[in-house]
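Peer 1: What follows is a predicted protein model with its sequence.
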Amino acid sequence: MLNISGLKEGIVLDHIKAGKSMEIYKYLGLDRVDSQVAIIKNARSNKMGRKDIIKIEGSLDEVDLDILGFVDHNITVNIIRDDKIVEKKVLHLPKRITNILRCKNPRCITSTEQELPHIFFLSDETDQTYRCLYCEERYGHKS
């Protein structure tokens, strides 16, 4: 059995779909933080079969909940203080995301105006569909 030491203060991202932890690592920019980060891939799970887990030392400031909600709103976010879970955050699909997706429409204003932020809004929660704020190009998120 693999043993990863406990976390005195930090965040544990649990119930990540197996194989998705590196995508979340990239989206959250965890390679640029000075905190310790542990990634556990393909851990056994009674509920999911296999899952990934990410442990991040430090405060919740390191984690953008909108990005997590976009990638997978079923992830459990556990806040750890003094070696105990003190809070669990529930994620939702964000209504609006900025600079996570890039608009692929060559006629979109973001193609010519490089300094404009890439903003997408949630147009259909059931299908997890986002659209570009400027040109309404569709991005289907359901996997």
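Peer 2: Sure thing, it's come through. Values in this document were obtained by computation on a predicted structure and should not be read as measured data. Numbering: from 1, shown residues only.

Peer 1: make it CA atoms for all contacts and neighbour counts henceforth
Peer 2: Noted.

Peer 1: how far is stretch 9-19 from where the chain is centred?
Peer 2: Computed by CA atoms, centre = their mean, to the nearest Å, the chain-centroid distance of stretch 9-19 equals 10 Å.

Peer 1: what sits against the spatially most central residue of the chain?
Peer 2: Closest residue to the average C-alpha location of the chain: Leu68 at 2.3 Å, with CA atoms, centre = their mean. Taking CA atoms under 8 Å, 6 or more residues apart in numbering, we find Leu68 in contact with Ile24, Leu28, Ile75, Leu91.

Peer 1: how about those in a markdown table, adding distance to Lys41, pLDDT and neighbour count?
Peer 2: Listed next are the contacts of Leu68 as a markdown table, based on distance: CA to CA, whole Å; pLDDT from 0 to 100; neighbours: other CA atoms under 10 Å:
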| residue | distance to Lys41 | pLDDT | neighbour count |
| --- | --- | --- | --- |
| Ile24 | 12 | 91 | 18 |
| Leu28 | 17 | 88 | 18 |
| Ile75 | 14 | 92 | 21 |
| Leu91 | 21 | 91 | 18 |
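
Peer 1: where does the chain dip in pLDDT?
Peer 2: Low-confidence segments of the chain, defined by pLDDT under 70: 1-5, 62, 141-143.

Peer 1: Could you rerun that using 50?
Peer 2: 1-2, 143 (pLDDT under 50).

Peer 1: Helices of that one, residue ranges please.
Peer 2: Using DSSP state H, the helices found in the chain span residues 21-28, 65-71, 109-112.

Peer 1: got the CA positions of the longest one in CSV?
Peer 2: Included here for helix 21-28 are C-alpha records, laid out as CSV according to Å, rounded to 0.1, in the frame of the first residue of the first chain:
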residue,chain,number,x,y,z
SER,A,21,-4.8,15.0,-12.5
MET,A,22,-2.1,16.2,-14.9
GLU,A,23,-4.7,18.2,-16.9
ILE,A,24,-5.8,19.9,-13.6
TYR,A,25,-2.2,20.4,-12.6
LYS,A,26,-1.6,22.3,-15.9
TYR,A,27,-4.9,24.3,-15.8
LEU,A,28,-4.2,25.4,-12.1
